[in-house]
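Asks: Provided below are the primary sequence and the corresponding predicted coordinates.
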There are 2 protein chains.
Amino acid sequence: MTDGLGHPLTEPLFDRLCLIGVGLIGSSLARVVRHKGLARTIVATDASADVRRRVAGLGLADEIVETPELAVRDADLVILCVPVGAIGETARAIGPYLRAGAIVSDVGSVKSAVLADAAPCLPSNVHFIPGHPVAGTEQSGPDAGFAALFRNRWCILTPPPDADKKAVARLAAFWTAAGANVEFMSASHHDLVLAITSHVPHLIAYNIVGTAADLEEVTQSEVIKYSAGGFRDFTRIAASDPTMWRDVFLNNKDAVLEMLGRFNEDLTALQRMIRRGDGEGLFDLFTHTRAIRRNIIEQGQETAAPDFGRRKDEANGEET
Amino acid sequence: MTDGLGHPLTEPLFDRLCLIGVGLIGSSLARVVRHKGLARTIVATDASADVRRRVAGLGLADEIVETPELAVRDADLVILCVPVGAIGETARAIGPYLRAGAIVSDVGSVKSAVLADAAPCLPSNVHFIPGHPVAGTEQSGPDAGFAALFRNRWCILTPPPDADKKAVARLAAFWTAAGANVEFMSASHHDLVLAITSHVPHLIAYNIVGTAADLEEVTQSEVIKYSAGGFRDFTRIAASDPTMWRDVFLNNKDAVLEMLGRFNEDLTALQRMIRRGDGEGLFDLFTHTRAIRRNIIEQGQETAAPDFGRRKDEANGEET
């Protein structure tokens, strides 16, 4: 989509994109927007002076300012890329400075709480359309981002029922141009879906890593040495950003507790199968779960390549 | 260790290696033994005729025979690479045909049950030294193996207290030459360590994939579309071989139930933190768990590269 000199051939979708928060998601957005020419100007801010300096060093934005209030001026698209727990106060801070007709969105992993916290702080002459690109890695910060992060990942938009259709369509076009597939649903359904596909998986990963760290009969050194038996995979997602995840659990309490309840029921049944030596029941469950992975791979949400905690170029190379 | 023409420069450690079962582990062993010249002859067998044909096609062994009884004749090292539940019957079958002085070992993920099942079936003139290379991928079968699988992974040997020291040293030298680090411990300690580093992680991965598959409010198609939020990682280990894992849980019942009890206690505490909105407690746990991952990466049991369900060469390439 560029002319070979880095200049986009198509008209930018927005004049002035404002990114508040430039971590993994914000910096990936900055990169893809720049790369594809989706906005004429990118203005960015972050609560951390270190991050602002790094964003300048990486050349991720055209303008870097110190506060959200300054950042949003004249922006026609404002995306809050801050932890869910900081969205309410950020909305309160920027409310009076937003341009009339601006689209305001976010990238938080929880949507009902975001809507409840932010909507009342925003003036009625802007379009607030919460969003959630379901993409990421276990790494954080402006250096961790990359332009292809959203490619063939889903971005869920949860516009309120009275949202302006044209504004919703513009935001959807923006995410589509960034490489994502766009889906619409209610905030509450989003929160239930993500509770099972993201929040509870993170919770149990954090939990087992915590359990393993606190054992007395098995030393921490043994846990680390023998982590290739499966534990290793859980430490990956349990290395995700603590602030982000604290906020997710505090702000999606009901759906998480509901899905955790189902998980616990099923785990109790599985525990009983083991206690009773029900090999057939175990085999059936372990076979059933394979089909889901096949579908995930078929739909491009994961590769089929085996993972064994080693770089690909090391896998088959062998010292001779 | 070869002369450049594929011929080993060093004396083979064993004359005749017999592999019973040629799945992921057995076929990886065949490859590394061949590559490094660790045995003069490799003889292999597998209960499945399809697998035997594939092993022949892949050229993984010098001799492929139909039964364990035939396979073990004259072998000075016999390694049982069958599911834990099949080790007892295999030992019973081969007992009368073993060469005096042979070393018999296995690669099962459970050790106390293996010792109890197999030892009584083996004659007193062979050395039975159970083993467990803590290495693998979520894939199975002779095509899934590769020679570097054991490199910088730990192989745990659990020799009985009265085991012959020279035989133990020879088996340890074999695994070291195959690329592994060797560690010794009692069978019961092994089973406790692996319950937390491998068995319970697999159990909860299977469990959450099962929970997600059976929800009514969230469709299977939604689970698959939004799996990039974390769920995806669990489907990887929940795609492991059902027979192998059924046998692990049936044969390491006590340690698994013990560690699952700890996991459940911790999960209940975490659930309470969420219910009560204890942000500080959540943040502390989520920070604590990061340190373990750092150690795992430092010790080479995992790479630091982020994982986002895409091949590395796709990650930064971007359609223009």
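Replies: Good, I have the coordinates. Numbering: from 1, shown residues only, chains lettered A, B, ... in the order given.
Asks: could you pull out the strands for the stretch 151-300 of chain A?
Replies: A:154-157, A:181-184 (DSSP state E, counting those that start in this stretch).
Asks: closest to residue B:297 out of these?
Replies: strand A:154-157 (29.4 Å; C-beta to C-beta). For the C-beta atoms, the positions are set from N, CA and C on the backbone; glycine is no exception.
Asks: thinking again about what came up before, most tightly packed of the strands of the stretch 151-300 of chain A?
Replies: strand A:154-157 (a mean of 22; mean count of other C-beta atoms under 10 Å in any protein chain shown).
Asks: Give me the contacts around that one.
Replies: A:105, A:111, A:129-135, A:168, A:171-172, A:175, A:178, A:180-185, A:190, B:225-226, B:228 (C-beta atoms under 8 Å, 6 or more residues apart in numbering or on different chains).
Asks: Same question for stretch A:248-261.
Replies: When contacts are defined by C-beta under 8 Å, 6+ apart, stretch A:248-261 is touched by residues A:84-85, A:109-110, A:112-114, A:188, A:191-192, A:194-196, A:199-200, A:202-203, B:211, B:267, B:271, B:273-275, B:277, B:279, B:282.
Asks: For residue B:96, see how far away the closest residue to chain B within the stretch 51-200 of chain A is.
Replies: Residue nearest to chain B within the stretch 51-200 of chain A: residue A:198 (2.9 Å; C-beta to the nearest C-beta). Residue A:198 sits 56 Å away from residue B:96, taking C-beta to C-beta, to the nearest Å as the criterion.
Asks: before we move on, what about residue A:14?
Replies: For residue A:14, the distance to residue B:96 - C-beta to C-beta - is 79 Å.
Asks: Show me which of the contacts of strand A:154-157 are buried.
Replies: Using 16 or more other C-beta atoms under 10 Å in any protein chain shown as the burial test, the contacts of strand A:154-157 include A:105, A:111, A:129-135, A:168, A:171-172, A:175, A:178, A:180-183, A:185, A:190, B:225-226, B:228 as buried.
Asks: residues contacting the closest residue to residue A:71 other than its chain neighbours?
Replies: Nearest residue to residue A:71 in three dimensions, chain neighbours excluded: residue A:45, at 4.1 Å (C-beta to C-beta, 6 or more residues apart in numbering or on different chains). Applying C-beta under 8 Å, 6+ apart to residue A:45 gives the contacts A:18-22, A:52, A:64-68, A:70-71.
Asks: Give the PyMOL command for selecting the buried subset of those residues.
Replies: Restricted to buried positions by 16+ other C-beta under 10 Å, the PyMOL selection for those reads:
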select buried, chain A and resi 18+19+20+21+22+52+64+65+68+71
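Asks: Can you pick out the ones from the contacts of residue A:45 that are in strands?
Replies: In strands, defined here by DSSP state E, the members of the contacts of residue A:45 are A:18, A:19, A:20, A:64.
Asks: of all the residues you listed, which comes closest to residue A:119?
Replies: Nearest to residue A:119 among the ones in strands among the contacts of residue A:45, with distances taken as C-beta to C-beta, is residue A:20, at 16.5 Å.
Asks: give me every residue that touches the closest one.
Replies: Applying C-beta under 8 Å, 6+ apart, the residues near residue A:20 are A:26, A:44-46, A:68, A:71-72, A:78-82, A:90, A:94.
Asks: How about residue A:70?
Replies: Per C-beta under 8 Å, 6+ apart, neighbours of residue A:70: A:45, A:97.
Asks: All set, thanks.
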